[in-house]
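Visitor: Dropping a prediction and its sequence here:
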Amino acid sequence: MLNGNICSTEISLNRRSLFIWTFVVVIVILVYLSSFIFMEEIEVVEMIEGYPDMLTTGLGMSPEMFGDVNLYHGGLVLLYGLLLASIYAMMLAGSLVTRDVDIGTVEFLYTRPLSRQIILFSKALSFLVMITLLWITIYLVSVALGALWVAPESFDIYNQFLAHLMGYLACLAAGGLAFGFSPLLNRVQSSTSLAIGLGFAFFFLNTIASMYEQLEFLKYLSIHYYADLSGAASGEPYITGMIVLPVVFFVGVGLGSFLLNRKDFTA
């Protein structure tokens, strides 16, 4: 059901973008996690306590978060890391499908003795490998920075593993969604624009749901809710999310395979 040549080729073609996005997310972590050292000096906790609850809850900036390095990193730093990583995941997954149609290689690739399912599943495997490498790097950087410099005595490596795992699963779900809708598109630019839009939509839906009780139902439409990074960083990962997020990935890949198999490239 898989083709190693397709998988390795896709990894090779996308390694530059993987490096760039990994570098960007790592820089975000370096800047914001390092900033925790200075929080006590400028009395951030006291400042946050004076803000309206609706604002601090919606932005994930509760006083408790600035007093605990694990909550700070998992619930705030990784929140923005996930925003970037999920956009990259959807852009990557979308381009894996739409690029062949966009540049015309579909006429060569899809006439070879390989079914469309094998082609898509092989591309999905390459996506899985690259997203795994991305989050392994993020975790290693976080541990090295947090446990060796920022807060050696309180940075919990295991709880941070849980938080990073949930971020990883959320990116898989985001990629699954991209695999699901990409066969409906014929341009890389279209899939990229949709990926950026969805990435910010997930973020804002979760934020709005946290700020307004009447709109709380919107959280169920966001991968950030199912990832529950703050809960994972506290050692209590959202079990339902650990199930839902991988399921979304596999369902999305399955849907993408179904739509791709029915698509007419001669039209």
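Guide: Arrived safely.
Visitor: in stretch 69-89, what counts as buried?
Guide: Within stretch 69-89, the residues that count as buried by 16 or more other CB atoms under 10 Å are 69-79, 81-83, 85-89. Using the backbone N, CA and C atoms, a C-beta is placed for each residue, glycine as well.
Visitor: In CSV, list the C-alpha atoms belonging to it.
Guide: Provided in CSV are the C-alpha atoms of stretch 69-89 (Å, rounded to 0.1, in the frame of the first residue of the first chain):
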residue,chain,number,x,y,z
VAL,A,69,7.2,27.4,33.9
ASN,A,70,5.5,24.2,32.8
LEU,A,71,2.1,25.9,32.3
TYR,A,72,3.8,28.9,30.8
HIS,A,73,5.6,26.8,28.2
GLY,A,74,2.9,24.3,27.5
GLY,A,75,-0.1,26.6,27.7
LEU,A,76,1.3,29.8,26.2
VAL,A,77,4.5,29.3,24.3
LEU,A,78,3.4,26.1,22.6
LEU,A,79,0.0,27.6,21.9
TYR,A,80,1.7,30.0,19.4
GLY,A,81,4.1,27.3,18.4
LEU,A,82,1.1,25.1,17.5
LEU,A,83,-0.5,28.0,15.5
LEU,A,84,2.6,28.1,13.3
ALA,A,85,3.2,24.3,13.1
SER,A,86,-0.5,23.6,12.2
ILE,A,87,-0.4,26.1,9.4
TYR,A,88,2.8,24.5,8.1
ALA,A,89,1.2,21.0,8.4
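Visitor: per-residue confidence averaged over that stretch?
Guide: If you average the pLDDT over stretch 69-89, you get 93.
Visitor: Helices of this protein, residue ranges please.
Guide: Assigned by DSSP state H, the chain shows helices spanning 4-34, 44-49, 53-58, 63-67, 69-72, 78-103, 106-109, 116-145, 157-181, 188-211, 223-227, 229-233, 239-262.
Visitor: among these, which is nearest residue 151?
Guide: Nearest to residue 151 among the helices of the chain is helix 69-72 (4.2 Å), distances taken as CB to CB.
Visitor: List of residues touching the closest one?
Guide: Here helix 69-72 makes contact (CB atoms under 8 Å, 6 or more residues apart in numbering) with 33, 36, 39, 64-66, 146, 150-151, 154-156, 159-160, 230, 233-234.
Visitor: picking up where we left off before, okay if I get the helices of the chain as CSV plus distance to residue 217?
Guide: Formatted as CSV, the helices of the chain follow (distance: least, CB to CB, whole Å):
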stretch, distance to residue 217
helix 4-34, 30
helix 44-49, 27
helix 53-58, 15
helix 63-67, 24
helix 69-72, 25
helix 78-103, 21
helix 106-109, 40
helix 116-145, 29
helix 157-181, 19
helix 188-211, 7
helix 223-227, 11
helix 229-233, 19
helix 239-262, 16
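Visitor: ChimeraX command for the buried members of the contacts of helix 69-72?
Guide: In ChimeraX, a selection of the buried entries from the contacts of helix 69-72 looks like this (16+ other CB under 10 Å):
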select :33,36,39,65,66,146,150,151,155,156,159,160,230,233,234
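Visitor: Only the buried residues of stretch 122-136, if you could.
Guide: For stretch 122-136, using 16+ other CB under 10 Å, the buried residues are 122, 123, 124, 125, 126, 127, 128, 130, 131, 134, 135.
Visitor: where does the stretch 101-250 of the chain have low pLDDT?
Guide: Scanning the stretch 101-250 of the chain for pLDDT under 70 picks out 102-113.
Visitor: one more time with 90
Guide: Along the stretch 101-250 of the chain, the model assigns pLDDT under 90 to residues 101-120, 149-154, 183-188, 206-216.
Visitor: Contacts only, for the nearest residue to residue 252 once chain neighbours are set aside.
Guide: Distances taken as CB to CB, 6 or more residues apart in numbering put residue 176 closest to residue 252, at 2.8 Å, once the chain neighbours are dropped. Going by CB under 8 Å, 6+ apart, residue 176 touches 93, 248, 249, 250, 251, 252, 253.
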